[in-house]
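Enquirer: what follows is a predicted structure for the sequence shown.
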Amino acid sequence: MEINNYGITLRRLTRDKIEIVRNWRNDPKIQRFMEFRDYITPEMQQKWFDRINNDNNYYFIIVFRGKEIGLTNTKDIDYKKGTGEAGLFIYEDEYLNSDISFRSALCMGELFYYDLKLKTSLAHICRDNKRAIQYNKFLGYKIADNQENIYNQLYFQTQEAFEKSAAKIKHLIR
């Protein structure tokens, strides 16, 4: 599966790419923002991929100008409840302050709401990750109730909130 839109390509994660993702995740610049911060072994990565390689999890390598630069996903989809959890990280430093993450969010939001017909996107964000909180709020995510004393806080986004943010983003990236 491949999504080509908004000047980027999202390629469904395949077994031959899991080592790249493992190396990115083990890098302290990414690892420090994740809930799971232990070192990931090749065996752990293989087991993880075997667990997520299905229709309840959509993991994509972000490709920009032919270069693999990060990962985005919707995971743990509950089709009955209409929910799934979003995630994203940009590994390549030169794209951290670019609009690539917003382009990725547009692609994933359209997959989530229009193709998969889900209702509410969830995101867990560590409360000290101010950059991710600001980014997700721009995308229309709101913090869930009773998250004040939780480190890995739950946020949610509705389709309406996605569509409002998508309109702003499309205007910015043209």
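Expert: Done, it's in.
Enquirer: from here on, just use CA atoms for contacts and neighbour counts.
Expert: Noted.
Enquirer: isn't there a helix covering residue 89?
Expert: No. Going by DSSP: H, G, I helix; E, B strand; the rest coil, the assignment for residue 89 is strand, not a helix.
Enquirer: tell me the pLDDT at it?
Expert: Residue 89 is assigned 91 on the pLDDT scale.
Enquirer: surely it meets residue 72?
Expert: Yes. The pair residue 89 / residue 72 is scored as a contact, 6.5 Å apart, by CA atoms under 8 Å.
Enquirer: of the two, who's got more company?
Expert: residue 72 (24 against 20; other CA atoms under 10 Å).
Enquirer: would you confirm that the more buried one belongs to a helix?
Expert: No. With three-state DSSP as the criterion, residue 72 is strand rather than part of a helix.
Enquirer: quick check: closest non-adjacent residue to it.
Expert: residue 88 (4.1 Å; CA to CA, 6 or more residues apart in numbering).
Enquirer: try residue 138
Expert: residue 165 (6.8 Å).
Enquirer: who's in contact with the one you found?
Expert: 138, 139, 140 (CA atoms under 8 Å, 6 or more residues apart in numbering).
Enquirer: assumed it was part of a strand.
Expert: No. Secondary structure assignment (three-state DSSP) places residue 165 in helix, not in a strand.
Enquirer: quick one: it from residue 158, how far?
Expert: Residue 165 is 11 Å from residue 158, where distance means CA to CA, to the nearest Å.
Enquirer: mind listing the shared neighbours of those two?
Expert: By CA under 8 Å, 6+ apart, the residues touching both residue 165 and residue 158 are residue 140.
Enquirer: helix, strand, or coil at the residue of the chain most remote from its centre?
Expert: Centroid-distance maximum for the chain: residue 149 at 23.8 Å, with CA atoms, centre = their mean. Secondary structure for residue 149, judged by three-state DSSP, is coil.
Enquirer: now do residue 42 against residue 18, distance only.
Expert: Taking CA to CA, one finds residue 42 at 9 Å from residue 18.
Enquirer: with that, I have no additional questions.
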